[in-house]
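Peer 1: A structural model of the following input is requested.
(one chain, ligands or ions: 1)
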Amino acid sequence: MDLGIAGRWALVCASSAGLGRGCAQALAKEGVNLVINGRNEQKLAMTRNELLALNPALEVRMVAGDITQASVRAEFLAAAPHVDILVNNAGGPRPDSYANLTTDDWHDALNNNMITPIELIRECLPDMISRGFGRVINITSMAVKAPVSVLGLSNGARAGLTGFVSGVAREAELAANNVTINNILPGAFDTDRILKTMGIDEQTSAEEAQRKIEARYKTIPARRFGKPEEFGALCAFLCSQQAAYMTGQNLLIDGGAYPGTF
Ligand code: NAP
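Peer 2: Alright, predicted model coming up:
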């Protein structure tokens, strides 16, 4: 299916790896020009080369830096001639017991996973409205629907973003002008982040890592982790012309892990 977005410009935050990169790859395959971002410049440059290899006709610009910093956001927004598509993403907060979370932890989490996307949305919406096309995707988490006790920072900050989006997406000047905002809620995906949240790092033996991964698979009806390209495909669809009538939604992509009907 032709998604009807070739030639558009997308800003994809935190896209040098993982789910953000999956979104950038899917958009590149659709012929969307990109501005990508990540803190590590070398890793970001490698991702840019991979994206250009997927579609050499594209323009792929990169802005290295921490997207939670206002100066990096300003550079990021200025890197594209205009913004048709905004994919909000940033690193997730650390897992920890509620009892260990400090005021600074809360400020950081709110800045990463709530205020940064809200600031970018505010900057992009007026031009999207006047141009009659805009797609905003926020990468949130399955934890929005099914909170995980050790992910208190994520549960809290992402719930704030979700509430904000739910209201603003329904403003008539957005929907009536072909500007949509939707959230994608990942379950467990095969990225560096999922391994960290499971306590798997360089120190973990291969056998121990395998044991933990297999135990986790048993909690997912699909019996595997999602692939970033599956996540990217959903993101690209939500950015399409065809998805113009979907807004203010929270879409789970989790291999069936969430047990509820709604
Ligand atoms: P990941 O594999 O760790 O990748 C994160 C990417 O974001 C990297 O490219 C990283 O590059 C970049 N990044 C992180 N913090 C950044 C910042 N402040 N500014 C700019 N770039 C930044 O993570 P992921 O699994 O793709 O997760 C993406 C989001 O989805 C996170 O918020 C995570 O909590 C959420 N999520 C993931 C899962 C999952 O199963 N993977 C499930 C639920 C929710 P640099 O380090 O070079 O900056």
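
Peer 1: So which bits of the protein are right by the ligand?
Peer 2: 14, 16-20, 37-40, 43, 66-68, 89-92, 139, 141-142, 186, 188-189, 191-194 (Cβ under 6 Å from any ligand atom). For glycine as for every other residue, the C-beta is placed from the backbone atoms N, C-alpha and C.

Peer 1: Help me confirm that Asn182 is found in a strand?
Peer 2: Yes - assessed by DSSP: H, G, I helix; E, B strand; the rest coil, Asn182 belongs to a strand.

Peer 1: and it, what are its bridge partners?
Peer 2: Ile137 (DSSP bridges).

Peer 1: And the one 4 residues further on, by the same measure?
Peer 2: Here Pro186 sits in beta bridges with Ile253, going by DSSP bridges.

Peer 1: when you give positions from now on, start the count at 19
Peer 2: New numbering, starting at 19: the last item is Pro204.

Peer 1: Enumerate every residue touching it.
Peer 2: By Cβ atoms under 8 Å, 6 or more residues apart in numbering, the contact set of Pro204 is Leu37, Ile157, Thr158, Ser159, Met160, Gly244, Phe249, Ile271, Asp272.

Peer 1: tell me which element the first one falls in.
Peer 2: This points to Leu37. helix 36-47 (DSSP states H and E).

Peer 1: and that helix, what's its mean pLDDT?
Peer 2: On average, the pLDDT along helix 36-47 is 98.

Peer 1: now the helices for the stretch 19-168 of the chain?
Peer 2: Assignment of helices within the stretch 19-168 of the chain using DSSP state H, counting those that start in this stretch yields the ranges 36-47, 59-72, 88-96, 121-128, 134-149.

Peer 1: Comparing those helices, which comes out most buried?
Peer 2: With neighbours taken as mean count of other Cβ atoms under 10 Å, the helices of the stretch 19-168 of the chain reach their highest mean count in helix 36-47, at a mean of 26.

Peer 1: For the closest residue to Ala187 other than its chain neighbours, grab the count of nearby residues.
Peer 2: Nearest residue to Ala187 in three dimensions, chain neighbours excluded: Gly266, at 3.5 Å (Cβ to Cβ, 6 or more residues apart in numbering). Gly266 is flanked by 18 other residues according to other Cβ atoms under 10 Å.

Peer 1: Does Gly266 touch Val197 like I think?
Peer 2: No - the pair Gly266 / Val197 is not scored as a contact, 11.5 Å apart, by Cβ atoms under 8 Å.

Peer 1: rewinding a little: going through the residues of the chain next to the ligand, which ones are buried?
Peer 2: Burial by neighbour count, judged by 16 or more other Cβ atoms under 10 Å, picks out 32, 34-38, 55-57, 84-86, 107-110, 157, 159-160, 204, 206-207, 209, 211-212 from the residues of the chain next to the ligand.

Peer 1: number of nearby residues for the residue lying closest to Asn173 once chain neighbours are set aside?
Peer 2: Closest residue to Asn173 apart from its sequence neighbours, by Cβ to Cβ, 6+ apart: Pro165 at 4.1 Å. Pro165: 15 surrounding residues under other Cβ under 10 Å.

Peer 1: separation between Pro165 and the ligand?
Peer 2: Pro165 is 12 Å from the ligand, where distance means Cβ to the nearest ligand atom, to the nearest Å.

Peer 1: OK, contacts around Ala127?
Peer 2: Pro111, Leu171, Ser172, Gly174, Ala175.

Peer 1: distance of the residue of the stretch 69-218 of the chain found nearest the ligand from Asn55?
Peer 2: Per Cβ to the nearest ligand atom, Gly110 is where the stretch 69-218 of the chain lies closest to the ligand, at 2.0 Å. Gly110 sits at a distance of 16 Å from Asn55 (criterion: Cβ to Cβ, to the nearest Å).

Peer 1: All set, thanks.
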